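1. no FASTA, just this:
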């Protein structure tokens, strides 16, 4: 009986150790020096397993950027990201995650930029031994302010349209200081009817082009800058 009880206790201790000991941390890798309003930059974080047990693949980590203690906004709502581990995260292993973003608003000068873990979901969920390292911050210079208000994620609003024979290219929220944009207007079979280059003013791309008379149908407007912008909009001539 004594050996049996000792065996049960050892098993319970093993299960307890397996369920405990996950210590996930986050570190802000970029930006650490500066970023510019209206210009795309890399937001990169590093997750590390500081605990003695492996965090299994398939677990997800919900995290968010903050600026001067406030969450980044998109259409008035806080922005958060989700990363799903594609591989097991063994003890002391790290994984870096990056994404491109463009931010407007806020005040120029030095800004406290933070990366924060909001939640850890999956098999190792709820077994965090130390959540004090779920935030990492750097003092970063913020320059060339393009607008006022809260820090917010800039998203493109493509309002391009056709009225009669006039093609209006009207896109708000494009990154500026990124060179020319290529504008290509074609029919549904892919035949190019117009091909022009244009330069946005600040974050607004606005151009008007006169088209020859065109039959009714569906047309495609492609806008690219050979970098991060590759937008297509369907336009209909009735």
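-> Yep, it's here. Because the structure is predicted, anything quoted here is derived from the model rather than measured.
2. quick check: which ranges of the chain have low pLDDT?
-> 1-21, 75, 144-148, 175-179, 226-229 (pLDDT under 70).
3. where do the helices of it begin and end?
-> Taking DSSP state H as the criterion, the chain contains helices spanning 2-19.
4. how is it divided into domains?
-> Following automatic domain parsing, one finds the domains of the chain at 23-143, 156-237.
5. can you lay out these as TSV showing mean neighbour count and distance to residue 150?
-> (Glycine included, C-beta is placed from N, CA and C.) As requested, these are arranged in TSV below (neighbours: other Cβ atoms under 10 Å; distance: least, Cβ to Cβ, whole Å):
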stretch	mean neighbour count	distance to residue 150
domain 23-143	16	5
domain 156-237	15	16
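6. export those to a markdown table and append columns for distance to residue 149.
-> Formatted as a markdown table, the domains of the chain follow (distance: least, Cβ to Cβ, whole Å):
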| stretch | distance to residue 149 |
| --- | --- |
| domain 23-143 | 5 |
| domain 156-237 | 14 |
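7. does anything pack onto the strand ranked longest in the chain? Which helices or strands?
-> Ranked by number of residues, the top strand in the chain under DSSP state E is strand 109-121. Applying 3 or more Cβ pairs under 8 Å, 6 or more residues apart in numbering; DSSP states H and E, we find strand 109-121 packed against strand 24-30, strand 60-67, strand 135-143.
8. next one: the residue nearest the centre of the chain from residue 129, what distance?
-> The residue lying closest to the centre of the chain (Cα atoms, centre = their mean) is residue 99, at 4.8 Å. Residue 99 sits 28 Å away from residue 129, going by Cβ to Cβ, to the nearest Å.
9. ok, now residue 66?
-> 24 Å.
10. for residue 136, same thing?
-> Counting by Cβ to Cβ - residue 136 and residue 129 are separated by 18 Å.
11. same deal with residue 171?
-> From residue 171 to residue 129 the distance is 48 Å (Cβ to Cβ).
12. what does residue 53 give?
-> 10 Å.
13. do the same with residue 122
-> From residue 122 to residue 129 the distance is 16 Å (Cβ to Cβ).
14. do the same with residue 140
-> For residue 140 relative to residue 129 (Cβ to Cβ), the value is 30 Å.
15. kindly report the same for residue 43.
-> 27 Å.
16. same thing with residue 220?
-> 54 Å.
17. could you do residue 200 as well?
-> Relative to residue 129, and taking Cβ to Cβ, residue 200 is found at 49 Å.
18. next: residue 46.
-> For residue 46 relative to residue 129 (Cβ to Cβ), the value is 19 Å.
19. do residue 40 as well
-> Counting by Cβ to Cβ, the gap from residue 40 to residue 129 is 37 Å.
20. now do residue 187
-> Counting by Cβ to Cβ, the gap from residue 187 to residue 129 is 61 Å.
21. same thing with residue 71?
-> For residue 71 relative to residue 129 (Cβ to Cβ), the value is 26 Å.
22. now swap in residue 67 and tell me
-> 29 Å.
23. residue 212 now?
-> With Cβ to Cβ as the criterion, residue 212 and residue 129 are 70 Å apart.
24. for residue 238, same thing?
-> Residue 238 is 64 Å from residue 129, by Cβ to Cβ.
25. so who does the closest residue to residue 101 other than its chain neighbours touch?
-> Once flanking residues are discounted, residue 101 sits nearest to residue 43: 5.2 Å by Cβ to Cβ, 6 or more residues apart in numbering. By Cβ atoms under 8 Å, 6 or more residues apart in numbering, the residues touching residue 43 are 30, 31, 65, 98, 99, 100, 101, 115.
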